[in-house]
Structure formats: structure tokens, C-alpha cells
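Enquirer: Got a sequence here, can you model it:
(chains A, B, C and D)
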Amino acid sequence: MHKKRNSFIEGPISPAFIADAIAKHQSKTEIGAHHIFLGQVRKDTIQDREVQAIEYTTYKDLAEDIIAEIREAIFAKYEINCMHIHHSLGKIDAGEICFFVFTSSKHRKATMDACEELVERIKKEVPIWGKELFNESSYQWKENK
Amino acid sequence: MHKKRNSFIEGPISPAFIADAIAKHQSKTEIGAHHIFLGQVRKDTIQDREVQAIEYTTYKDLAEDIIAEIREAIFAKYEINCMHIHHSLGKIDAGEICFFVFTSSKHRKATMDACEELVERIKKEVPIWGKELFNESSYQWKENK
Amino acid sequence: MKIKCFGPLSDIIATEIDIKISAETVASLIEILETQYPLLKGKTFSVAVNHKLVDKDFAIQESDEIALLAPFSGG
Amino acid sequence: MKIKCFGPLSDIIATEIDIKISAETVASLIEILETQYPLLKGKTFSVAVNHKLVDKDFAIQESDEIALLAPFSGG
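Expert: Below you'll find the model as predicted:
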């Protein structure tokens, strides 16, 4: 059985957290290429109202299982050395980072493809919901296209 | 005329430098997606000799012109908000980062494609050379496939 | 029966309800919920039973944890 | 004439030489260099004159900065 991982972080993902994740790979000298995707909360204007923040919730028990399945599938499909997936929960202000996907491998092609597929699959398959918060306590539920 | 940029950094690119580049984008709230590529020096074994470091040189006057042309072409081709390109010069030890490409845009597809094309074009078109240093002062010139 | 509701479904029902419902399958449970919460009708969602995604004809028991999952919007 | 050599070409010639050569084009310059540095023969490289990539029939002058560029290997 796979060890259950904690893919969720309360609050925004800080640049320092990302730097730390990068630094941890410097002893892995078989790695030649890293690919990082970062999702940042946009201050979209929707019918004259500005998105101030997105509040994320998940159904954690199911989400971690699905992320574990996706990880396994990506490791089986691409020759990559490691992958890291982090998603924020709670209120993330516009301009802050809420999603961090990090793949590493010997050569760049595999890391790029793995990173891209991970991002697509997580957005589509993992039970996470975003609530776009406007001024004055109004909101609308985010929809992924 | 485009302002000449300094794309080169003496020595390795530190995780803190990358974190700083990410943090600078948090005020740009129209951005929804960042893509980062990092090249890391591999400790390859070539005919029983281990690569300890790569020493990078460039022909700077020409390199900056070519990078500026590539930037312009990528901005024309993809809907992206910004891009950053950094390459190390001098001796970069195995495990350290020597190449950093960073693209940002409203939606993820454009950032991914722009980042991938930037990496390919820079490796192919920019006059940079890597010398793979082994133990005991022997070396061989790196070849891009 | 414990039912958790996620995303916009939590606005229609609640984040969690514990109600007496005698339903043998997911499909019959949804039918009953639709009469109690008419706004649920026509909504797209998936269902998990005890943390596993299941089909509409999946058999359920009083002790199960049911989750109604609106379309995901992470990232 | 100042000639800079990059990558493996710097091992064959030097990182920079300043030599008297009367050559009117890049092609004739290369021909002369190949007689002085026989290891240059058969090597693939591109040529820049005053920081611009040029073809082999490009006309050159004594005051130009010539650069011989081995295949690139950045990244």
C-alpha cells in the first residue's frame, strides 16, 4: 500500500515553501530537469464584481486516494524521478499561490509532459471546490472549463 | 529598440533567487498560471568518469541579441504576461541549477507552451557552451542532442 | 444516514445532514432528496459512498457515509 | 584581425587570436585557418561578424570582430 500523503496546505503556498522544495533536490544529482506549475488566484471581474479571494474546500479522504492513483499512473507512464503536488485549502487572496505541481527527471521532455498531465488530471479528477469571494460577502462557485 | 537585458548570472541560480522571482508576481493579479523550467547539472558517468561540474561560457553580445529576438517571437506567438530567462556562467556543481525559464499568463495553456518553446529555442539557438568537468582536471565539451 | 454535500450543493442542502431515509440505492436516495430539496433537480454531481466514487445503482446502507460532489473546481 | 573561438574550437585554436590574414570573405578566412589549424577541418561551426551570425560568403574587413561558434550546448 502507498503511504497516504498530505497534499493539502492550509492557506497560500509561499515562495519560500517552493524554494525549499527546489533546494531539497540538489542532492539528487541524477536529475537534470525540473518543471513547476503554479496556480495563482486571479482578481477577475465578474459582472462588475472583483474576485478578492478564493476559498478552497476538499473532501479529503477521497481526494488523497484519487491523488495517490494519479501519482501512480503518472509514475507508470513517464520516466520521472519525483513529483510533488500541493493544493491550498481555505481563503487564498488574489495574487497568492494556491496550487503547486513539481516534477523532476533526468531529461526535460518527461518532466514537462508529466507536469502538464498532472495539472490537467488534478483539476479534473480531484474533489476540490473553489468559492470566488467578492466584496461585501457575496460569492459565486468557481467552475473549471 | 528593446532594452538590453542581462540574462546571465555568474555561478548557480539559487532557490532563493527563484522564490524572489515568484514573489514579485504576487501584485500582478491578472496572472493565473506560472510555469517554471529549471535545468540542474547532472552527475553523469561518462566512460567511468563522473561529471563534477559544468563550466558555462557564452558569447554575450550575440547571446543577448538572440535572446531578445526569441523573447519577441514568443510574446508575439503566445498570450503571456511576462517571461524571465536566466542562465548561469562559470562553474556550476552537479546538483546546482544553471538554467531558469519562467512564464506567466492568465491561463495555463499559454504559459506551458511558451515555457516549453523558450527552453527548446534557448538550448538550440543561444551561443552558450558547457564544459563537463571530471575529476583530475579532465573534461569534455557538452553536446546538446 | 449521514450525507455530506460539497461545492454549490452545500448551498442547496447543507454541508452535512443526518436524516432518516430508507433508500436501497444511490438512485433512490437522490430521488428522495430531490423531493425534499427541489433545487437539486437537474444538477450535475457525482456520489461517493464511504470515500469511493460509485454509480447510481450502488447499494447503500444506513451506516454508510454518503457524499454528494458538485463538479470539481480545484487549481 | 581579431578572431574569438568558442566551445571546443577554443581547444583547437585559442579563445582569441589576433592575426594578419588577408581574406575577403568568411569562406576564404576559414580556408586559411584550416591550413594553420588542421584539426578545424570537418568541424561544424557557425560564424559571427561584429556580433551578427553571417553566411560563408559574407564580406569581411581587417577591423571586424570575427567569432567562430561551435554547436551550442546551453541549458
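Enquirer: confidence score at the residue nearest to A:I36 when sequence neighbours are not counted?
Expert: Of all residues not flanking A:I36 in the chain, B:I36 sits nearest, at 3.9 Å (CB to CB, 6 or more residues apart in numbering or on different chains). Just so you know, the C-beta spots here come from the backbone N, C-alpha and C atoms, and that holds for glycine as well. At B:I36, the pLDDT value in this model is 98.
Enquirer: Same question for the one 3 residues further on.
Expert: The confidence metric pLDDT takes the value 98 at B:G39.
Enquirer: isn't it right up against B:I92?
Expert: No: between B:G39 and B:I92 there is no contact under CB atoms under 8 Å: 9.5 Å.
Enquirer: coming back round to it: what's the residue nearest to A:I36 in contact with, if anything?
Expert: A:H34, A:H35, A:I36, A:F37, A:L38, B:I18, B:I22, B:F100, B:V101, B:F102, B:C115 (CB atoms under 8 Å, 6 or more residues apart in numbering or on different chains).
Enquirer: quick revisit: if I look at B:G39 and B:I92, which residues touch both of them?
Expert: B:C98.
Enquirer: before we move on, the earlier item: quick check: the residue nearest to A:I36 is in a strand.
Expert: Yes: judged by DSSP: H, G, I helix; E, B strand; the rest coil, B:I36 forms part of a strand.
Enquirer: Helix or strand: which one has the most centrally placed residue in chain A?
Expert: Geometric centre of chain A, nearest residue: A:F99, 3.0 Å, by CA atoms, centre = their mean. Using DSSP states H and E, the element containing A:F99 is strand A:97-105.
Enquirer: Is chain C within reach of that strand?
Expert: Yes: judged by CB under 8 Å from any CB of the partner chain, strand A:97-105 comes into contact with chain C through A:C98, A:F99.
Enquirer: Pretty sure A:G39 is one of the things the residue nearest to the centre of chain A touches, is it not?
Expert: Yes: when contacts are counted by CB under 8 Å, A:F99 is listed as touching A:G39 (3.2 Å).
Enquirer: hmm, back to that, what lies in contact with the helix or strand following the strand holding A:F99?
Expert: Once the chain leaves strand A:97-105, the next helix or strand it forms, by DSSP H and E, is helix A:108-125. Identification of contacts with helix A:108-125 by CB under 8 Å, 6+ apart yields A:32-37, A:66-67, A:70, A:73-74, A:77-80, A:83, A:85, A:87, A:99, A:101-105, A:144, B:37, B:39, B:108, B:112, B:116, B:119, C:72, C:74-75.
Enquirer: Starting from the lowest-mean-pLDDT helix or strand in chain A, tell me which strands it pairs with and how they run.
Expert: None of the helices or strands of chain A scores lower by mean pLDDT, DSSP states H and E than strand A:45-46, at a mean of 91. Paired strands of strand A:45-46, with direction, are strand A:49-50 (antiparallel) (DSSP bridges).
Enquirer: Any idea how far the strand it pairs with is from the middle of the chain?
Expert: 25 Å (CA atoms, centre = their mean, to the nearest Å).
Enquirer: Moving C-terminal from that strand, which element do we reach first?
Expert: Heading C-terminal from strand A:49-50 (DSSP H and E), you reach strand A:53-58.
Enquirer: how about that following strand, does it reach chain C?
Expert: Yes: counting by CB under 8 Å from any CB, contacts between strand A:53-58 and chain C involve A:Y56, A:T57, A:T58.
Enquirer: Let me know whether the second one touches A:I128 as I believe.
Expert: Same thing as A:T57. Yes: contact between A:T57 and A:I128 holds when scored by CB under 8 Å: they sit 7.3 Å apart.
Enquirer: Who has more neighbours out of these two?
Expert: Neighbours were counted for A:T57 and for A:I128 using other CB atoms under 10 Å in any protein chain shown; A:I128 has more, 29 against 17.
Enquirer: what are the bridge partners for the residue nearest to A:I36, then?
Expert: A:I36, B:F102.
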